[in-house]
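Visitor: Provide a 3D model corresponding to the input given below.
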Amino acid sequence: MRNPSITNSKFPSRFLRMDEESVTRLVREFGSPVYVIDITGLTDRFESFQRTARQLYANSEVAISYKTNPTAALLLKLHQFSAFAEVVSKPEFDLARRLGVAECEIVFNGPAKNDGVLRDAILGGSQINCDHFDEIKRIEKIATSENLVAKVGLRLSLPTKGHFSRFGFSTDEPLDRSEAAMIARYVVDSKSLSLGGLHSQIGTNVRDLDLFRHQGACLATFAEFLKSVFGVELSWINVGGGLASIAPAVGTDDATPLELPDVGDYCKAVYGALKDYLSNCKNDPVLFFEPGRTIFGPFGATLTTVLGIRPSTHNRNAAVICDAGVTAIPLSSQFDFPVHVPS
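Guide: Model prediction:
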């Protein structure tokens, strides 16, 4: 966090309007450090995302990323606006259920799901997206033991620059001999499995809309392949998250906060690439979005107190000693978050 004070932010944060009196009042009541949330800004951003997605494609759902901010009160607030839950672990799955989210409104991603929580997700009708074959085999075994057919989604690794290639099934050319195609054939041929959907996540803090267009095009291509080769029409397509927040990455020349990406431009980029496939489906597949950082990032702040100043031997800037370190702001080593000094 290099910038000592931000007074001309491109993003009109409400935190910039906090004066010394309001900060002192919060510290007196809650102590320091303390997390502060702009709940109005957060819910407005979520509602805008949800509304824009549904205007483009009526059967769109926004699944909020639990791992980005697992604060129960915030998640509960977003569920009041009909947010689905996107979880990646048993604790997150259990949290969603404690908050009253039905299993059928939980999107279950991530590579580490134990058999117990998988059984609950299968029986409850959660959207389960798999990214390795061992997990698919375990789901098949559970479904067989329960004498039912489990619907699964496949996480795809797309040929995209900067994509999270370590996750998911490869779609390298030729497509019919790709890992993803082989896994799809296994699922289709199984008596205890059915192919429900596709999922992908191209990265994090992404601003280049062309990457999202390419993601949508790759998903559409594979969905058409499944339809033509296996006769499978998907129940869902999940485009993940990855849309950026306002903080530039550490190492960039300018640490000034960036503009918050427009959700309309983002949704149009994704939907435009998938429109032909979705419009030709008989059952209107659900189009899932999974925003995290772009929803939570701009509307949360850590209020911390300066304890002292120490001259630096490495550069001309002084080191500021605060009562909140990297344990309170763990991503500060990756992003230059804006710093505001109330007056």
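
Visitor: how many neighbouring residues does the residue lying closest to Arg293 once chain neighbours are set aside have?
Guide: Nearest non-adjacent residue to Arg293, counting by Cβ to Cβ, 6 or more residues apart in numbering: Ser245, 4.6 Å away. The way it works is simple: take the backbone N, C-alpha and C, and place the C-beta from them, glycine included. By the measure other Cβ atoms under 10 Å, the count of residues near Ser245 is 27.

Visitor: got the contact list for Ser245?
Guide: 205, 260, 293-294, 296-298 (Cβ atoms under 8 Å, 6 or more residues apart in numbering).

Visitor: which of those fall in helices?
Guide: Judged by DSSP state H, these include 293-294, 296 as members of helices.

Visitor: just curious, which of the residues you listed is nearest to Ser192?
Guide: Arg293 (36.8 Å; Cβ to Cβ).

Visitor: shouldn't Glu105 be in contact with Phe84?
Guide: Yes. Taking Cβ atoms under 8 Å as the definition, Glu105 is a contact partner of Phe84 at 4.9 Å.

Visitor: who's more crowded, those two?
Guide: Per other Cβ under 10 Å, whichever of Glu105 and Phe84 has more neighbours is Phe84, with 24 against 19.

Visitor: for the more buried one, name its beta-bridge partners.
Guide: Counting by DSSP bridges, Phe84 is bridged to Ala63.

Visitor: what's around Gly231, how many residues?
Guide: Using other Cβ under 10 Å, the number of residues around Gly231 comes to 8.

Visitor: top of the ones in helices among the contacts of Ser245 by neighbour count?
Guide: Within the ones in helices among the contacts of Ser245, Thr294 tops the neighbour count with 24 neighbours, counted by other Cβ under 10 Å.

Visitor: residue contacts, that residue?
Guide: 45, 49, 241, 243-245, 260-261, 263.

Visitor: what does Thr40 give?
Guide: Arg14 are the contacts of Thr40 under Cβ under 8 Å, 6+ apart.

Visitor: next, the buried residues of the strand or helix carrying it.
Guide: Using DSSP states H and E, Thr40 sits in helix 39-56. Neighbour-count burial for helix 39-56, counted by 16 or more other Cβ atoms under 10 Å, picks out 41-43, 45-46, 49-50, 52-53, 56.

Visitor: Gly240 and Glu146: what is the separation?
Guide: Shown here: Gly240 relative to Glu146, a distance of 29 Å by Cβ to Cβ, to the nearest Å.

Visitor: the more surrounded of these two?
Guide: Gly240 (28 against 13).

Visitor: how many other residues sit next to the closest residue in space to the more buried one that isn't next to it in sequence?
Guide: Spatially, and ignoring its direct neighbours in sequence, Gly240 is nearest to Gln201 (3.5 Å; Cβ to Cβ, 6+ apart). Gln201 has 24 neighbours, counted by other Cβ under 10 Å.

Visitor: helix, strand, or coil at Gln201?
Guide: Under DSSP: H, G, I helix; E, B strand; the rest coil, Gln201 falls in the coil class.

Visitor: dump the residue contacts of it.
Guide: Neighbours of Gln201 in contact, by Cβ under 8 Å, 6+ apart: 155, 164, 167, 240-242, 290.

Visitor: which of these has the most neighbours?
Guide: In the contacts of Gln201, the most neighbours by other Cβ under 10 Å go to Gly240, 28 neighbours.

Visitor: I'd assumed that residue was in a helix, is it?
Guide: No. Assessed with three-state DSSP, Gly240 is coil; it does not lie in a helix.

Visitor: just to check, it is in contact with Thr204?
Guide: No. Assessed by Cβ under 8 Å, Gly240 is found out of contact with Thr204, at 9.8 Å.

Visitor: was I right to think Phe230 contacts Asp189?
Guide: No. Contact criterion Cβ under 8 Å: Phe230 and Asp189 do not qualify, at 9.3 Å.

Visitor: ranges for the helices of the stretch 101-250 of the chain?
Guide: 115-124, 133-145, 179-189, 209-230 (DSSP state H, counting those that start in this stretch).

Visitor: turn those helices into a markdown table, including mean pLDDT.
Guide: A markdown table is the format used below for those (pLDDT from 0 to 100):
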| stretch | mean pLDDT |
| --- | --- |
| helix 115-124 | 97 |
| helix 133-145 | 97 |
| helix 179-189 | 97 |
| helix 209-230 | 96 |
